[in-house]
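**Q** The following comprises the amino acid sequence and a computationally predicted model.
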Amino acid sequence: MAKRGDKDALTWRDPKRYLWLLALAVPTLPFQAAGLVWLTGTGALWWWGPLFAFVVLPVIDHVTGKDSANPPEAAMARLEADRYYRWCTYLYLPLQFGALVWACDQWAGGSLSVADSLGLAATTGVVAGVAINTAHELGHKREQLERRLSRMALAQSGYGHFYVEHNHGHHVRVATPEDPASSRMGESFWRFLPRAVAGGVRSAWHLERRRLERRGRRTVSRHNDVLTAWALTIALFTVLSVAFGPAVLPFLLLQAVIGFCLLETVNYLEHYGLLRQRRQDGRYERVSPRHSWNSNNTVSNVFLFQLQRHSDHHANPLRRYQTLRHFDEAPQLPSGYATMIVVAWFPPLWRHIMDPRLRTHYDGDLSRANVRPGPGRSHPKAASGRS
């Protein structure tokens, strides 16, 4: 006889099933901006992307609150196998590139002022930044189609090396001083940004060179996933510059920079000050939910394919977004990413909010945290090799 819990799992339905489609509103932000400008006659609404992401969405997040509910364990396999959720991510790409082509047409048309063109570039940059999140979801999966779509989604931001570094670098070194994508307590976002960007490129190149050497292949070849990813961006920008004229190139570069800076802001807040301890054999302890900051804010989780349940993602990287779980042991951000991204841009405010939470997480013992080294000093954990 089936147990009551098994029966409940069979009848359980995802209450957010159709809300995930809201994520597809993000790549339409440039079109939304054009519609708002047409309706109101206000050119400032070309900046609708940042306004929506960092003003409107935080307000909605605050009003709707949080959802810490998890799917029933017995329903997980069925939920993972449901291909509807995959199509929600697949459809981001045609909308993403449709918006990019349309934006190029607007930049080339000559009807926009410089300020309006910059606003459209900022809005398109938000699309590019969230596209990296979509690529992140796709790139962790085993299916070849999803991995290819991941690399395509990264082309707009010129951040194709993320495909290599994130999967094979960040997930191995997360919450350690060796990880360029894990921020340290006392390190402002503006110090973290150049370290993360440069460190990510170096790490991706090193990882790919090592992989190819093991296979007896040359580093500079068509087999290099970093080079082929960058080639996709060059091809994309070249085609758009030829089709619409070289005047679109500065805006293409600007939206790409905005896109990857948004990604690095998210990296900054996801592991701030968190540290995996050394075991007696000198290796770091296994990644667990307590090594990532979590957020259960409902609306921003829907728009980001539940990226904010980052603790379960790092503990189970292959798990699909619709099945990511909340863990009580995971440290919690005070709000969703849309809010915390803005807070991260203001270091005194960030430290005022986050440093006390980090101290609480470690029961006041900051020797267990990933703290920014002072001038001329190495990180105490890296130097001693002990916890």
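**A** Okay, I see it.
**Q** in stretch 346-361, what's buried?
**A** Pro347, Trp350, Arg351, Ile353, Met354, Asp355, Leu358, His361 (16 or more other Cβ atoms under 10 Å). For glycine as for every other residue, the C-beta is placed from the backbone atoms N, C-alpha and C.
**Q** residue contacts, the fifth one?
**A** Met354 makes contact with Tyr272, Gly273, according to Cβ atoms under 8 Å, 6 or more residues apart in numbering.
**Q** give me that answer again for 10 Å
**A** By Cβ atoms under 10 Å, 6 or more residues apart in numbering, Met354 lies in contact with Ser183, Met185, Leu269, Tyr272, Gly273, Trp293, Pro331, Leu333, Pro334, Met340, Val343, Ala344.
**Q** again, but for the third one
**A** Contact partners of Arg351, counting by Cβ under 10 Å, 6+ apart, are Met185, Gly186, Glu187, Ser188, Tyr272, Val343, Leu358.
**Q** count of residues packed around Val342?
**A** 18 (other Cβ atoms under 10 Å).
**Q** what's the helix or strand for it?
**A** Here Val342, judged by DSSP states H and E, is contained in helix 337-344.
**Q** Give the next helix or strand downstream of that helix.
**A** Immediately after helix 337-344, counting by DSSP H and E, sits helix 347-361.
**Q** Just the C-alphas of that next one, formatted as PDB.
**A** The C-alpha trace of helix 347-361 is given here as PDB (Å, rounded to 0.1, in the frame of the first residue of the first chain):
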ATOM      1  CA  PRO A 347      30.700  49.700   0.500                       C
ATOM      2  CA  PRO A 348      29.900  51.500   3.800                       C
ATOM      3  CA  LEU A 349      26.200  50.500   3.500                       C
ATOM      4  CA  TRP A 350      27.200  47.000   2.500                       C
ATOM      5  CA  ARG A 351      29.500  46.500   5.400                       C
ATOM      6  CA  HIS A 352      27.000  48.000   7.900                       C
ATOM      7  CA  ILE A 353      24.400  45.400   6.800                       C
ATOM      8  CA  MET A 354      26.500  42.400   6.000                       C
ATOM      9  CA  ASP A 355      29.400  42.300   8.400                       C
ATOM     10  CA  PRO A 356      27.200  41.800  11.500                       C
ATOM     11  CA  ARG A 357      25.500  38.900   9.700                       C
ATOM     12  CA  LEU A 358      28.800  37.400   8.900                       C
ATOM     13  CA  ARG A 359      29.900  37.700  12.600                       C
ATOM     14  CA  THR A 360      26.700  36.100  13.700                       C
ATOM     15  CA  HIS A 361      27.100  33.200  11.200                       C
END
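**Q** Determine the angle, from 0 to 180 degrees, between that helix and helix 337-344.
**A** 110 degrees (axes from the mean of the first three to the mean of the last three Cα atoms, to 10 degrees).
**Q** hang on, the earlier thing: can you select the buried ones from the contacts of Met354 in PyMOL?
**A** A single PyMOL command is used to select the members of the contacts of Met354 judged buried by 16+ other Cβ under 10 Å:
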select buried, resi 183+185+269+272+273+293+331+333+340+343+344
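**Q** Can you redo the contacts of Arg351 as a markdown table, where the extra columns are secondary structure and pLDDT?
**A** As requested, the contacts of Arg351 are exported to a markdown table (DSSP: H, G, I helix; E, B strand; the rest coil; pLDDT from 0 to 100):
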| residue | secondary structure | pLDDT |
| --- | --- | --- |
| Met185 | strand | 97 |
| Gly186 | coil | 96 |
| Glu187 | coil | 97 |
| Ser188 | coil | 97 |
| Tyr272 | coil | 98 |
| Val343 | helix | 98 |
| Leu358 | helix | 97 |
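**Q** Just put the residues you listed in JSON lines and tack on distance to Val371.
**A** Shown next, in JSON lines, are the contacts of Arg351 (distance: Cβ to Cβ, whole Å):
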{"residue": "Met185", "distance to Val371": "5"}
{"residue": "Gly186", "distance to Val371": "6"}
{"residue": "Glu187", "distance to Val371": "9"}
{"residue": "Ser188", "distance to Val371": "14"}
{"residue": "Tyr272", "distance to Val371": "11"}
{"residue": "Val343", "distance to Val371": "20"}
{"residue": "Leu358", "distance to Val371": "9"}
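**Q** Between those residues, which sits nearest Pro58?
**A** Each of the contacts of Arg351 was scored against Pro58 by Cβ to Cβ, and Val343 proved nearest at 9.8 Å.
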